[in-house]
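> predicted model follows, preceded by the sequence.
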Amino acid sequence: MYDSIVIGCGFAGAVTARELAEKKGQDVLIIDSRSHVGGNCYDRPDEYGILIHQYGPHIFHTNIERVYQYLSQFTEWYEYRHEVVGNVYGKELPIPFNLNTLEIVYGDRAPHLEKLLIDNFGEGARVPILELMNHENDELQEIAKYVYENVFLKYTMKQWGKSPKEIDPAVSGRVPVLLSRDNRYFQDTYQGIPKDGFTPIFEKMLNYEGIEVRLNCEAKDVLTIDADAEEQVLFEGQPFHGNIIFTGALDELFDCRFGRLPYRSLRFDFEHYNKPFYQSHGVVNYTVSEDFTRITEFKYLSGQLDAPDTTIVKEYPLAYEGLDGQIPYYAINNEDNDALFEKYRKMVDKIPKFYLLGRLAEYKYYNIDAIVDRALALSQQIR
């Protein structure tokens, strides 16, 4: 029997399994329903030799030094400078909106508007558009309106399946205008792509004495959870009193008995082209046109810039319905959905040593660095 069972082999589960085995000397079983390690960060060479991210692009970025140092045990880094442009009626604009974007959009007026912005907010500031919208100056309001309508609104409608009236003004208000000429999408201290890809990180992390990896394994097929039973947790039909670290969809563990938790899902359409490059940047957002939200060209991310051909993926958001092949990506957090999640969370609150960790299990969004940091903290608490 194991000291701990970890459900899910993404960063949340893999980091926890490694820490429990290495730091606590535990015997750990980590299981995943997929045929591979890495969760949504799984990457692989396609049939043309281009390293693709199977479940959409992932770029590591953080200001948390301990997370960077921790992951650096398992990889060297390709210092990829992630720059995103938006295709706005055929014109490419740097995103987030910055002083370079201002110059492209406003031309001869840009120097005056730049001075106006800097005089009001200071060079290098990140100004939420809500602050610009509410400013007494008409020209600053004009900039905010442009960003809202051409960068945020329609993109968000596609991403979340909402009408303009359903979009929370508080969310749109957080969209920043950057008063700098730094075109990087992230300004974090540490950022890049694992030099050999994400998947080798997981393979190295889990290649440790005391860790057993079991793939193609559904949690419900090996675990029986009943908080009101004398033996609350059964593993393969036998009582289990060790730790359970669960990173999967909590509603699906209980067969959605209170109803399905709403998520947004994604469909990825991969295309290959016999030419060196398809687009100007690794990611191009389509903020006012097309049914897809963005196109990723992977050779920018992998550094395979000399490859004679290229692979792209178009990303289509859709509602998650629990159908075969669908993956829940983004929790739709609102008062009703969070209350529904609480019903499921209370089912495991009564079970000792049952821990929820990650986007699905906690019904909240995490970047890579945040979930690695949380997994490191949780593994310190577990005995």
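Looks like it came in fine.

> residues near L93, how many?
By the criterion of other Cβ atoms under 10 Å, L93 has 22 neighbours. In this view, the C-beta of every residue, glycine as well, is placed from N, C-alpha and C.

> just R181 next, same as before
Residues contacting R181 under the criterion other Cβ under 10 Å number 13.

> how many residues are close by K145?
Counted with other Cβ under 10 Å, the burial measure for K145 works out to 13 neighbours.

> next one: it from V177, what distance?
Between K145 and V177 the distance, using Cβ to Cβ, to the nearest Å, works out to 12 Å.

> now I295
Relative to V177, I295 is positioned 24 Å away (Cβ to Cβ).

> looking at these two, which is more packed in?
Neighbour count, other Cβ under 10 Å: between I295 and V177, V177 has more, with 25 against 21.

> isn't the more buried one right next to Y148, touching?
No: with contacts defined as Cβ atoms under 8 Å, V177 does not count as touching Y148, sitting 10.7 Å away.

> now do the shared contacts for the two.
Between them, V177 and Y148 share the neighbouring residues I129, with contact defined by Cβ atoms under 8 Å, 6 or more residues apart in numbering.

> so what's the residue nearest to T75 when sequence neighbours are not counted bridging to?
Counting by Cβ to Cβ, 6 or more residues apart in numbering, P194 is the residue found nearest to T75 once chain neighbours are left out, at 4.1 Å. Note on P194: beta-bridge partners W77, judged by DSSP bridges.

> contacting residues for P194?
For P194, the residues meeting the contact criterion (Cβ under 8 Å, 6+ apart) are 60, 71, 75-78, 200-201.

> before we move on, what about G173?
Neighbouring residues of G173 by Cβ under 8 Å, 6+ apart: 128-131, 133.

> repeat for I104
Under the criterion of Cβ under 8 Å, 6+ apart, the contact partners of I104 comprise 91, 93-94.

> same check on I327?
Counting by Cβ under 8 Å, 6+ apart, I327 touches 40, 55, 265-266, 320.

> hmm, 10 Å instead?
For I327, the contact set (Cβ atoms under 10 Å, 6 or more residues apart in numbering) comprises 34, 39-40, 55-56, 249, 263, 265-268, 320, 360.

> just the buried ones from the residues you listed?
Burial by neighbour count, 16 or more other Cβ atoms under 10 Å: within those this picks out 34, 39-40, 55, 249, 263, 265-266, 268, 320, 360.

> among those residues, which pair sits farthest apart?
Checked with Cβ to Cβ, these reach their widest spread between A249 and F268, with 19.5 Å between them.

> is it true that L20 touches A14?
No: taking Cβ atoms under 10 Å as the contact criterion, L20 and A14 are not neighbours in contact, 11.1 Å apart.

> which residues do those two both contact?
When contacts are counted by Cβ under 10 Å, 6+ apart, L20 and A14 have 6, 30, 211 as shared neighbours.

> can you tell me the SS state at the first one?
With DSSP: H, G, I helix; E, B strand; the rest coil as the basis, the three-state label of V6 is strand.

> please tell me I have it right and it contacts M205.
No: using Cβ under 10 Å, V6 is not in contact with M205, being 12.0 Å away.

> please, where are all the strands along the stretch 101-250 of the chain?
Secondary structure of the stretch 101-250 of the chain by DSSP state E, counting those that start in this stretch: the strands cover 126-128, 176-178, 190-194, 211-214, 223-225, 233-235, 238-239, 243-246.

> I'd like the ones you listed laid out as a markdown table, including mean pLDDT and distance to H112.
Formatted as a markdown table, the entries for the strands of the stretch 101-250 of the chain read as follows, by pLDDT from 0 to 100; distance: least, Cβ to Cβ, whole Å:
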| stretch | mean pLDDT | distance to H112 |
| --- | --- | --- |
| strand 126-128 | 94 | 17 |
| strand 176-178 | 95 | 16 |
| strand 190-194 | 96 | 33 |
| strand 211-214 | 98 | 60 |
| strand 223-225 | 93 | 63 |
| strand 233-235 | 95 | 66 |
| strand 238-239 | 95 | 73 |
| strand 243-246 | 98 | 56 |
